[in-house]
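Asks: The following block contains a protein sequence and its predicted model.
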Amino acid sequence: QVQLVESGGGLVQAGESLRLSCAASGFIFSLTPMGWYRQAPGKQRELVATITFAGNTNHADSVKGRFTISRDNAKNTVYLQMNSLKPEDTAVYYCRRGKYYSGRVDPDLDSWGQGTQVTVSS
């Protein structure tokens with residue numbers, strides 16, 4: 001059974017940092033592209049960052065230079081380091097995966113969980 005469990009969210013002030021974690025199980029993590037999505041109230045879901053099984057990364061323009069996605073295959077965990085947070089980063093953040101060896105994340109491959117709430121106050 002595939003599980004993606006997000007953690008690390010919280011309430012911070014603008015300019016501060018958070019690191020999100022996603023513990024994965026139920027599939028071969030090292031062969032799987034991973035990514036982070038976010039959704040703010042009343043807004044469409046947004047792709048934040050992805051990392052391929054080979055470790056190549058891509059970040060949305062809105063977070064480029066502030067957020068960094070990384071992975072630890074030994075721990076089956078993907079991270080999102082978020083620096084210089086802004087109020088517009090406030091959202092629920094979700095971890096997603098793709099198919100083995102694929103270069104992209106398929107956000108609807110699994111059911112959506114609770115995610116982790118990030119709230120940035122001004």
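Replies: Here it is on my side, so go on. Residues are numbered from 1 along each chain as shown.
Asks: Pairing partners for the most centrally placed residue in the chain in the sheet, please.
Replies: By C-alpha atoms, centre = their mean, the chain has its centre lying nearest to residue 36, at 2.4 Å. Legend: beta-bridge partners of residue 36 under DSSP bridges are residue 49, residue 95.
Asks: how near is it to residue 117?
Replies: Residue 36 sits 14 Å away from residue 117, going by C-beta to C-beta, to the nearest Å. Bear in mind the C-beta positions are built from the backbone N, C-alpha and C, glycine included.
Asks: What of residue 90?
Replies: Distance of residue 90 to residue 117, computed by C-beta to C-beta: 9 Å.
Asks: Of the two, which one has the most company?
Replies: More crowded of residue 90 and residue 117, by other C-beta atoms under 10 Å: residue 90, with 18 against 13.
Asks: per-residue confidence at that one?
Replies: pLDDT recorded at residue 90 is 98.
Asks: Likewise for residue 107?
Replies: Residue 107 carries a pLDDT score of 91 in this model.
Asks: quick one: the nearest residue in space to it that is not next to it in sequence and residue 111, what's the gap?
Replies: Spatial nearest neighbour of residue 107, chain neighbours left out: residue 96 (4.7 Å); criterion: C-beta to C-beta, 6 or more residues apart in numbering. Separation of residue 96 from residue 111 (C-beta to C-beta) stands at 11 Å.
Asks: and those two? which has more neighbours close in?
Replies: Counted by other C-beta under 10 Å, residue 96 and residue 111 do not tie: residue 96 has more neighbours, with 21 against 7.
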